[in-house]
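Student: My questions concern the predicted model and sequence given below.
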Amino acid sequence: MNKMSRAQPVGTRSVDQITGGRRLRRMRKAPWSRRLVQENRLTVDDLIWPIFVVDGRNVREPIGAMPGVFRVSPDLAAKDAELAAKLGIPAVAIFPKVDIALRDQTGSHILDPQNIINRATTAIKRAVPEIGIITDAALDPFTDHGHDGILREGVIVNDETVERVAAAAVLQAAAGADVIAPSDMMDGRIGAIRDALDGNGFHDVPVMSYATKFASAFYGPYRDAIGTAGLLRGDKKTYYIDPANTDEAVREAEQDLLEGADMLIVKPGLPYLDIVQRLKDEFGMPTFAYQVSGEYSMIKAAGANGWIDGERVMMESLLAFKRAGCDGILTYFAMEAAELLKG
């Protein structure tokens, strides 16, 4: 008999001797058993849908760098939010593209109660009162230089920016925002916003802090979507976190919680899942991640080219956030994912 045709032991021991009789594949053998032992699950309740809004009526503009994503006028934003609510998506996050004529060095238009973000908020809340609305009080959509703060002699000034951001948060709450989510990364902004909201009777409006927003290259398509891509002077490294730093991210989150943050966001998402897990382990607070535009566009582009199964990668990427400890995910895939999850 050919020696190679006989069953050969693994070294001098059988597989059962090596594993102690523990066969981990047993529970993977059938779909029903895999479902029974699945550790993490993605549901529609985990999804927050970012919506880009522009001035006008019956406007739906495609965003070239983000296939399947559009800028919409407030009336269509309200209709889209209705569809999201019917799919069970708990909340939307609104981001404006502001006309360049309304932008200036200090982002003063953010203090107009009738600016596009406030009008869109009111329209959505009127049409779909049951859906949560999350707004960002950062200045970058409103400045003519694309930075998140007021620019003075080449420097983003912290305290003056904080004062403006806090005032904007009050206006957004008055327009119907359910959650204020400041992404500017100025020192002291969370405490200032909390004081401003409480001082104006908005005690029940929580603050979802972009506590750990990194100086990332993944934001490119988003900046195109809100019209700041060609405006940005320099970079944002003096106020966003260095992608190399984890301890600094924890310190930022801790400070924001001390100032009154109710929830934390990690941004970007997939490249920073270690930060998500560390914040969840350290603080045990509601923790979210933003699957940003660059992440979305890469998956979409690779799927369109047939290099990956775009639908499966989309769902796998969203499940990864849950595995890392996320309580929810801001994602441009929200509608697609919700439709799949709803069957």
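Tutor: In hand now; what should we look at? Quick caveat, the model's predicted, so the values are computed rather than measured. Numbers count the residues shown, from 1 in each chain.
Student: So which helix or strand of the protein has the lowest pLDDT on average?
Tutor: The helix or strand of the chain with the poorest confidence is helix 15-19; it has a mean of 88 (mean pLDDT, DSSP states H and E).
Student: Quick one: distance of that one to the chain centre.
Tutor: Offset of helix 15-19 from its chain centre (Cα atoms, centre = their mean, to the nearest Å): 45 Å.
Student: Quick one: name whatever helix or strand follows it.
Tutor: Next helix or strand after helix 15-19 toward the C-terminus (DSSP states H and E): helix 31-36.
Student: now for that next one, which elements pack on it?
Tutor: Helices and strands touching helix 31-36, by 3 or more Cβ pairs under 8 Å, 6 or more residues apart in numbering; DSSP states H and E: there are none. Using the backbone N, CA and C atoms, a C-beta is placed for each residue, glycine as well.
Student: Going forward, the N-terminal residue is numbered 844.
Tutor: With the count now opening at 844, the last piece we talked about shows up as helix 874-879.
Student: What average pLDDT does that helix get?
Tutor: Regarding helix 874-879, the rounded mean pLDDT is 93.
Student: Which element is encountered next along the chain beyond that helix?
Tutor: Helices and strands here follow DSSP H and E; after helix 874-879, the next one along the chain is strand 890-896.
Student: can you list contacts of that following strand?
Tutor: 906, 912-917, 920, 923-924, 927, 932-940, 959-960, 963, 977, 1068-1069, 1131, 1161, 1171-1175, 1177-1178, 1180-1181 (Cβ atoms under 8 Å, 6 or more residues apart in numbering).
Student: Which of those residues fall in strands?
Tutor: Among the contacts of strand 890-896, the ones falling in strands (DSSP state E) are 913-915, 934-939, 977, 1131, 1171-1174.
Student: Okay, now the unreliable bits of this protein?
Tutor: Applying pLDDT under 70 to the chain flags residues 844-853.
Student: so where's the longest helix in it?
Tutor: Looking across the chain with DSSP state H, the single longest helix is helix 1001-1018.
Student: Give the buried residues for the least confident helix or strand of the chain.
Tutor: Across helix 858-862, burial judged by 16 or more other Cβ atoms under 10 Å covers no residue at all.
Student: CA-only coordinates of it, as PDB, when you get a sec.
Tutor: C-alpha atoms of helix 858-862 as PDB (Å, rounded to 0.1, in the frame of the first residue of the first chain):
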ATOM      1  CA  VAL A 858      -6.300  16.100  16.600                       C
ATOM      2  CA  ASP A 859      -8.500  15.200  19.600                       C
ATOM      3  CA  GLN A 860      -5.400  14.800  21.800                       C
ATOM      4  CA  ILE A 861      -4.100  18.200  20.600                       C
ATOM      5  CA  THR A 862      -7.400  20.000  21.200                       C
END
